[in-house]
Every structure is written in structure tokens, then in C-alpha cells.
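Participant: all I have is the shape, not the residue letters:
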């Protein structure tokens, strides 16, 4: 075992995890007359299996038949909508770079967990 790695893992605080779930946008995103400078996905911390299944069903309804739905941009947008107070259209209208930040955040949350 790498003692430095263990030390690093021990020092990660809840606040640091929460900060990783808030995406800061380099350019404000306009949606329904309001400018957004960040996207808060801290709701990922309170997800349930039922929420995840609901997200799968939303993807199924649009024909997303990927074996790994949770790795698709559509899944990430649907999940982001579920865990935030934003409608799906908010996420579907994001420019490419912020959209991929949302995808990385959602995937990172799921695959970065112990």
C-alpha cells in the first residue's frame, strides 16, 4: 500500500466532495431569462435506487438502448434533472463543454464511490 495515497484519501472532506458536485461555468448559461454561473448537483448525495431506475426508464422512453446507459450524456442530463431543481430542457440546452462537465460529474460520482 502507498502510505501517501492513504493519507490523501483520509484528508478528503465532505466539503471537498460537495464542491466537486457544483460545476462552475466559465461563461454564464442563459435559460428562461436567467443567467446561471454554476450547476449544483449535490443532490446526487441523496439519490436512491428508485431515482436511478426512474432515470433508466426516462432513457428507455427515448430509445436509449445502450448497455451502459449510465455512461451516456442523455442519462447524465436526466440524472442531473432528477437531483436538481432544473427541468430536463435546462440540461439538454447546455453547450457541449458544460454538458460534458455534467456527464463527468455524474459518472465521477457513481464510479468514484467506494
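Facilitator: It's in. Fair warning: this is a prediction, and the values are worked out from it, not measured in the lab.

Participant: please identify the buried residues of stretch 73-92?
Facilitator: 73-84, 86, 90-91 (16 or more other Cβ atoms under 10 Å). Placement of C-beta: from N, CA and C, glycine included.

Participant: quick check: end-to-end length of it?
Facilitator: Using Cα to Cα, to the nearest Å, the end-to-end distance of stretch 73-92 comes out at 9 Å.

Participant: likewise stretch 41-60?
Facilitator: 23 Å.

Participant: tell me the gap between it and the middle of its chain.
Facilitator: 10 Å (Cα atoms, centre = their mean, to the nearest Å).

Participant: next: stretch 107-114.
Facilitator: The answer for stretch 107-114 is 10 Å, by Cα atoms, centre = their mean.

Participant: give me the mean pLDDT for it.
Facilitator: Mean per-residue pLDDT for stretch 107-114: 81.

Participant: next one: stretch 56-68
Facilitator: 87.

Participant: could you list the buried residues of that stretch?
Facilitator: Going by neighbour count (16+ other Cβ under 10 Å), the buried part of stretch 56-68 is 56, 58, 59.

Participant: which residues does it contact?
Facilitator: With contacts defined as Cβ atoms under 8 Å, 6 or more residues apart in numbering, stretch 56-68 is touched by 69, 72, 74, 75, 78, 88.

Participant: 10 Å instead, please
Facilitator: The set of residues external to stretch 56-68 that reach it, using Cβ atoms under 10 Å, 6 or more residues apart in numbering, is 69, 70, 72, 73, 74, 75, 77, 78, 79, 81, 82, 88.

Participant: show me which of those residues is closest to residue 36.
Facilitator: residue 81 (13.9 Å; Cβ to Cβ).

Participant: okay, now residue 70: neighbour count?
Facilitator: Around residue 70 there are 16 other residues, counting by other Cβ atoms under 10 Å.

Participant: check contacts around the nearest residue to it once chain neighbours are set aside.
Facilitator: Distance criterion Cβ to Cβ, 6 or more residues apart in numbering; nearest residue to residue 70, sequence neighbours excluded, is residue 110 at 6.1 Å. The neighbours of residue 110, taking Cβ under 10 Å, 6+ apart as the test, are 44, 47, 52, 70, 71, 75, 76, 79.
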